[in-house]
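J.: 3D model of this:
(one chain, ligands or ions: 2)
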Amino acid sequence: MSEQKLNIILMGPPGAGKGTQSELIVSKFGIKHLSTGDMFREAISKQTPLGLEAKSYISKGLLVPDSVTINLVKDSLANDECANGYLLDGFPRTIVQADALDELTKKIQRPIFKVINIQADEKILIERIVSRRICPNCGASYNLKSKKPLVDGECDLCHSKLVQRADDTEASFKTRLDAYHQQTQPLIDYYQKKGLLVNVDGLQEIDKVFNDICKGLGR
Ligand code: AP5
Ligand code: MG
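T.: Numbers count the residues shown, from 1 in each chain. Ligands and ions are numbered 1, 2, ... in the order given. A predicted model of the protein is given here:
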């Protein structure tokens, strides 16, 4: 029998390291990265109708409504780019989204292989969030403590000036964390019951977290 496709969900609280690990996973396994947060930020920067709607929620740290988010993922997941495997970063985030994903993956015959849950302590998360810097041009992500750019305030890849994400304030982080506890955390149990969940300790160094993810995927 051929090996099952790497159709993966990456979950975890804000700042757990989903984006960081996504980069490593997609570059090792050549699968398609789908980050709903990145899609929304791109729509916001292009000022599309979707961006204008999403901005009002994201800036407050609230989740974008399920119907909007599910529609966004639906088209992408059925796309040819996901035929060899996909990595969902930050989706699903509610039970309604998870049920919709379940139905969709059955319909398009791209079943979920594993759900990686990155666990991290809340005190560490806030530190990571306030010291994160991103490149507004190419999207590269840095951290003033754990992943410094070569030149202060400048992207290593395209030399643009680094900025802080608009929702990386302490106040917005608290709302994001509340949303995580109330709406997203129940998914841990949801996927545990389906036998898909793999817990990974996100407090380790970046390459050790990655190593544990690969082990959890059996690859
Ligand atoms: P999204 O962009 O998904 O944000 P998030 O879930 O809050 O998570 P982050 O991107 O902040 O953290 P991360 O886990 O990716 O960590 P990272 O690797 O960057 O969503 C943003 C918003 O969009 C939501 O609030 C919501 O409004 C909306 N949205 C998105 N999806 C939605 C959905 N499905 N439904 C409804 N609304 C949705 O790491 C953080 C920092 O820590 C970096 O600086 C990094 O360098 C550093 N770091 C990472 N790992 C380590 C490590 N092991 N050791 C030390 N430092 C580390
Ligand atoms: Mg992220």
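J.: find the centremost residue of the protein, please.
T.: With the centre of the chain defined as its mean C-alpha position, the nearest residue by Cα atoms, centre = their mean is Asp89, 2.8 Å away.
J.: distance of it from Leu150?
T.: According to Cβ to Cβ, to the nearest Å, Asp89 and Leu150 sit 26 Å apart. For every residue, glycine as well, the C-beta is placed using N, CA and C.
J.: nearest residue to the closest residue to ligand 1 within the chain other than its sequence neighbours?
T.: Per Cβ to the nearest ligand atom, Gly37 is where the chain lies closest to ligand 1, at 2.0 Å. With sequence-adjacent residues excluded and distances taken as Cβ to Cβ, 6 or more residues apart in numbering, Gly37 is closest to Gly90, at 4.9 Å.
J.: surely that neighbour and Ser35 touch.
T.: Yes: because the distance of 5.6 Å satisfies Cβ atoms under 8 Å, Gly90 is recorded as touching Ser35.
J.: for Pro136, which non-adjacent residue is spatially closest?
T.: Of all residues not flanking Pro136 in the chain, Val163 sits nearest, at 5.3 Å (Cβ to Cβ, 6+ apart).
J.: and stretch 17-25, average pLDDT?
T.: Stretch 17-25 shows a mean pLDDT of 97.
J.: how distant is it from the center of its chain?
T.: In terms of Cα atoms, centre = their mean, to the nearest Å, the centre of stretch 17-25 is found 8 Å from the chain centre.
J.: and it, is it in reach of ligand 2?
T.: Yes: Stretch 17-25 lies within reach of ligand 2 by Cβ under 5 Å from the ion, at 18-19.
J.: which stretches of the protein form strands?
T.: Listed in chain order, the strands found in the chain under DSSP state E are 6-11, 32-35, 85-89, 114-119, 132-134, 141-143, 197-201.
J.: need the contact partners of the second one.
T.: Strand 32-35 is contacted from outside by 18-19, 22-23, 25-26, 73, 76-77, 79, 81-82, 84-91, using Cβ atoms under 8 Å, 6 or more residues apart in numbering.
J.: ok, which residues in the chain are in contact with ligand 1?
T.: 12, 14-20, 36-37, 40, 57-58, 61-64, 69, 90-93, 97, 128, 132, 141, 143, 146-147, 176, 202, 205-206, 209 (Cβ under 6 Å from any ligand atom).
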